[in-house]
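> Next comes the sequence, and after it the predicted model I'd like to discuss.
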Amino acid sequence: MERMKAFLAAAVAFILTVTFCHFYAAGHVRLDDGVYALWTAECKSRSFEGLSRNLGEGVVPVFGSSEFQHGRQTVYHPSRLFADTAFTPMLIGAGYYQSLSHSVTLAAIEPFMKEKKAVLILSPQWFRKSGVLSQAYASRFSERIYEKMLENPKLSDDTVSYIQDRTYLLLQGDEQVLSRLQMAREAGSPGESTLVKRLQASLWKAFLAEKDRFSITVNEMAMRGSLPASSVNPSGEPAVPDWEKLLAQAEQEGMTENDNEFYIDNRSYKRLLPYLDIKKGMNADADRGYQTGPEFQDLACFLEVCRETGIKPLLIMVPVNGYYYDYTEFPRKARDAYYGKIREIAQEYGALLADLSGEEYTRYFFEDRVHLGKKGWLKAGKAIWEYCCGAALQEETGLR
């Protein structure tokens, strides 16, 4: 009898705890102050609940990769650059996120987007011959976001099939995830569905949703503590970035903080210095560098998702660091061919392109060999601002 009472008490306590966590989490994934959008922690990018519930007016998803983790303490990073403006970029991505992951996420959150615009920052390093690596894709894969992508009725069968085939290929080796994806696929197929399969799939979806909401709630305090303090104008009016002033400031800072042969941050240069001897001339045979591989098809998939869902995309084509790539003897012809392929894809899908390829030799553009730095973030930020805020497009941004 005592054991039964203890069991019932434990069961009641468990149910009450789960119920409390459910309602508490449900009320804390909506952050009206835009803090969530500017957060750069990777766990955010795998949260469907956090992304979809914070896409209010003036919020535009900006997809990228590891550059979001660089320059966060400078005024040039989007999390600071746009903090006090009327525009809020929903920063999505971290290291190992590439076009395919972002295609899935965009399709999943599109029904919740008030602004039918999206920005994708392209890193040349994505376009290596291998494309996104299986381990990298698996480490960033969200079953919850993938399932919500499948529920978007605007996607064509061809687009869904492409994403499914690429996902199954890249997740080879993770049999547990693949079996759950197959279970969900069979549950939704008229020829394979059974009551048991539908019940299993429904329970798993409910579990993923609860896990997603609770995860965001747990991380809320850490998120708020990781963002810079706001510096709202004394007038209370939304700020407008002073591009000329910021550019002059970046130039001045770069003269003392980036005074090395590659014009990158001195701290990055010091870390690179011990390896420079082996880096010299290492890419001399890269005649087809960044010109082959599946990443181009994955980029086309992202743009196809935009086309089918009525989203107008902006691609930001980040250049390579000309000084460093010349040092490694990466062929100029190969670099130009890569830029040309991106231009062709953008034109084919009618996407706006912020072509920054002319910035290869802009000093203080990069923080290190590949990541955006002071001027790089300013150039990208200005392109995003003019696109998202409806400003007249300027020639200097490369928008076309």
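Sure, I can see it.
> can we go C-alpha only for contacts and neighbour counts from here?
Fine.
> how's the chain carved up into domains?
1-28, 31-231+245-397 (automatic domain parsing).
> Same list, those domains, but as a markdown table with distance to Ala239, mean neighbour count and mean pLDDT please.
Below are these laid out as a markdown table (distance: least, C-alpha to C-alpha, whole Å; neighbours: other C-alpha atoms under 10 Å; pLDDT from 0 to 100):
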| stretch | distance to Ala239 | mean neighbour count | mean pLDDT |
| --- | --- | --- | --- |
| domain 1-28 | 28 | 12 | 44 |
| domain 31-231+245-397 | 5 | 18 | 89 |
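> Serialize those to JSON lines and add fields for distance to Glu237.
Listed next are those as JSON lines, based on distance: least, C-alpha to C-alpha, whole Å:
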{"stretch": "domain 1-28", "distance to Glu237": "27"}
{"stretch": "domain 31-231+245-397", "distance to Glu237": "8"}
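> Next, give phi and psi for Ala284.
phi -60, psi -20 (degrees, to the nearest 10).
> right, I mislabeled it, should have said Leu372
Dihedral angles for Leu372 - degrees, to the nearest 10 - are phi -60, psi 140.
> Surely it is in contact with Thr362?
No: with contact defined as C-alpha atoms under 8 Å, Leu372 does not count as touching Thr362 (11.6 Å).
> list residues touching both of the two?
Among the neighbours of Leu372, none is also in contact with Thr362 (C-alpha atoms under 8 Å, 6 or more residues apart in numbering).
> Convert the C-alpha atoms of the host helix or strand of Arg267 to PDB, please.
Here Arg267, judged by DSSP states H and E, is contained in helix 266-272. Extracted in PDB, the C-alpha atoms of helix 266-272 (Å, rounded to 0.1, in the frame of the first residue of the first chain):
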ATOM      1  CA  ASN A 266      46.900  41.100 -35.600                       C
ATOM      2  CA  ARG A 267      45.700  38.400 -33.100                       C
ATOM      3  CA  SER A 268      44.700  36.200 -36.000                       C
ATOM      4  CA  TYR A 269      48.000  37.000 -37.800                       C
ATOM      5  CA  LYS A 270      50.000  35.900 -34.800                       C
ATOM      6  CA  ARG A 271      48.100  32.600 -34.600                       C
ATOM      7  CA  LEU A 272      48.800  32.100 -38.400                       C
END
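> name the helices or strands packed onto it?
Helix 266-272 sits against no helix or strand, with contacts defined as 3 or more C-alpha pairs under 8 Å, 6 or more residues apart in numbering; DSSP states H and E.
> What are the contacting residues of it?
With C-alpha under 8 Å, 6+ apart as the test, helix 266-272 has contacts from Glu257, Asn258, Asp259, Asn260, Phe262, Glu367, Asp368.
> same check, this time on stretch 306-314
107, 110, 116-120, 154-156, 303, 349, 351-354, 387.
> residues touching the residue most central in space within the chain, list them.
Centroid check for the chain by C-alpha atoms, centre = their mean gives Gly93 as the closest residue, at 2.6 Å. By C-alpha under 8 Å, 6+ apart, Gly93 lies in contact with Thr40, Glu42, Ser45, Phe63, Gly64, Ser65, Ser66, Phe68.
> Next, Val264: phi, psi?
No, residue 264 isn't Val; it's Ile. Torsion angles, degrees, to the nearest 10, at Ile264: phi -100, psi 170.
> Tell me how far it lies from Asn258.
5 Å (C-alpha to C-alpha, to the nearest Å).
> Common neighbours of these two, please.
Common contacts of Ile264 and Asn258 (C-alpha under 8 Å, 6+ apart): Tyr364.
> one step back: could you check how far whichever helix or strand comes after the helix holding Arg267 is from the centre of its chain?
Using DSSP H and E, the helix or strand that follows helix 266-272 in sequence is helix 276-279. Mean C-alpha position of helix 276-279 versus that of the full chain (C-alpha atoms, centre = their mean, to the nearest Å) differs by 31 Å.
> Identify all contacting residues around helix 276-279.
Tyr327, Thr328.
> then it to CSV, C-alphas only?
C-alpha atoms of helix 276-279 as CSV (Å, rounded to 0.1, in the frame of the first residue of the first chain):
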residue,chain,number,x,y,z
LEU,A,276,53.1,30.6,-42.9
ASP,A,277,56.1,28.6,-44.4
ILE,A,278,53.9,25.6,-45.2
LYS,A,279,51.0,27.9,-46.5
